[in-house]
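Enquirer: the following comprises the amino acid sequence and a computationally predicted model.
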Amino acid sequence: MTATAPLLEIDDLRVAFPGRGFRARPIEVLHGVSLTLGEGEVLGLVGESGSGKTTIGRATLGLVAASGGTIRFQGEDITHAGTAQRRALARDIQVVFQDPYSSLNPALTIEDILSEPLIVQGVTARDARARVLGLLDKVELPKDAGQRLPREFSGGQRQRVAIARALAPGPKLIICDEPVSALDLSTQALVLELLMDIQRETGVSYLFISHDLGVVRHVSHRVAVIYQGDIVETGRAATVTSTPDHPYTRRLLLASPVADPVEQRRRREERHRMALLADGGTPAGQQGDPAGEHDDPNQVSGAVAGWPGPAIRPEA
Ligand SMILES: Nc1ncnc2c1ncn2[C@@H]1O[C@H](COP(=O)(O)OP(=O)(O)O)[C@@H](O)[C@H]1O
Ligand SMILES: [Mg+2]
């Protein structure tokens, strides 16, 4: 690694999935995505559902193949890393998924779940046990949690286990893919606090993926906004999330839930106004503007006022 290389450098990444049906052409879902992430940095990646966020994370983990571009980790090209290189990388790059119910093996005790990545690394069973106690403490779970099964825990507690498992090998980067989206609001806040405390304590970097601009604003140093497989805006979190340049980011901001009903109403009206502009004067409600009806930012859809959308490109 050179002194100046970022921890993670994604350059012009393209990913295409096979199309459905006989002789279907591949469908490109990432159209040349570039991102960098420094050591100790939290980069928020925000965009509506289906925009390609998870695919970026999975490509970085080697779970989907890149059809173009490069992914470098500590200056090393890992785009097409083989099994041995991936095994070595698993020490440095870890992941926390959205669903705490499907991401933990239900047949294993928490201690087994947490020791597994350590034993793979050659840590003895005895040392692993001691390290597991330390990990449980770090994620604020009781000491006796190790002897229990995942089903004995709530969603938030399971997500703490998933975070502990990600921390076990002492990674430099954790890909957090919607880590709090499946949790209720009060639990979200606690798990976010935990993630931030851990980041400050350990200096680990996060690629923090969420559809919720409010969540991303809260945890990130910098934010990248993705729309239909293209990064449309990148910048300091405070700037991007308060005075966004891009119409799509403004739309995400307006769709992000707020506690204040007056502010919520103002945003709803603003969304309607933007939708009206985009539709050339048709009332939003009649044009199927889901964001105008309820406040799920995953549901933001339709044209973005003042922006023609990304150029139509040939399929890969
Ligand atoms: N394994 C797959 N096969 C085919 N299409 C996929 C696959 N995974 C994701 N996609 C498609 O790629 C696009 C981006 O998906 P994803 O990265 O999961 O978005 P996000 O995480 O932002 O919701 C979507 O249109 C999705 O349907
Ligand atoms: Mg996703």
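Expert: Thanks, I have it. Ligands and ions are numbered 1, 2, ... in the order given.

Enquirer: for the chain, which residue is closest to the average position?
Expert: I209 (1.7 Å; Cα atoms, centre = their mean).

Enquirer: what residues are bridge-paired with that residue?
Expert: Here I209 shows beta-bridge partners L45, D177, assigned using DSSP bridges.

Enquirer: mind pulling up the pLDDT for it?
Expert: Note for I209: predicted pLDDT of 98.

Enquirer: that one and Q85: what is the separation?
Expert: Distance from I209 to Q85, counting by Cβ to Cβ, to the nearest Å: 24 Å. All C-beta atoms are positioned from the backbone trio N, CA, C, and that covers glycine.

Enquirer: which residues does L118 contact?
Expert: L118 sits next to 127-128, 131-132, 168-169 when contact means Cβ atoms under 8 Å, 6 or more residues apart in numbering.

Enquirer: just the buried ones out of the residues you listed, please.
Expert: 128, 131-132, 168-169 (16 or more other Cβ atoms under 10 Å).

Enquirer: nearest to ligand 2: which residue in the stretch 51-200 of the chain?
Expert: Residue of the stretch 51-200 of the chain nearest ligand 2, by Cβ to the ion: T54 (3.2 Å).

Enquirer: ok, now the stretch 201-316 of the chain?
Expert: For the stretch 201-316 of the chain, Cβ to the ion, closest residue to ligand 2: I209, 6.6 Å.

Enquirer: list the contacts of that residue.
Expert: Counted by Cβ under 8 Å, 6+ apart, I209 has contacts 44-46, 53-54, 56-57, 175-178.

Enquirer: got the phi/psi numbers for the nearest residue to K172 once chain neighbours are set aside?
Expert: Closest residue to K172 apart from its sequence neighbours, by Cβ to Cβ, 6 or more residues apart in numbering: D92 at 4.8 Å. Per-residue torsions, D92: phi -100, psi -30 (degrees, to the nearest 10).

Enquirer: hang on, D92 packs against I78?
Expert: No. With contact defined as Cβ atoms under 8 Å, D92 does not reach I78; the gap is 9.9 Å.

Enquirer: of these two, who's got more company?
Expert: I78 (20 against 15; other Cβ atoms under 10 Å).
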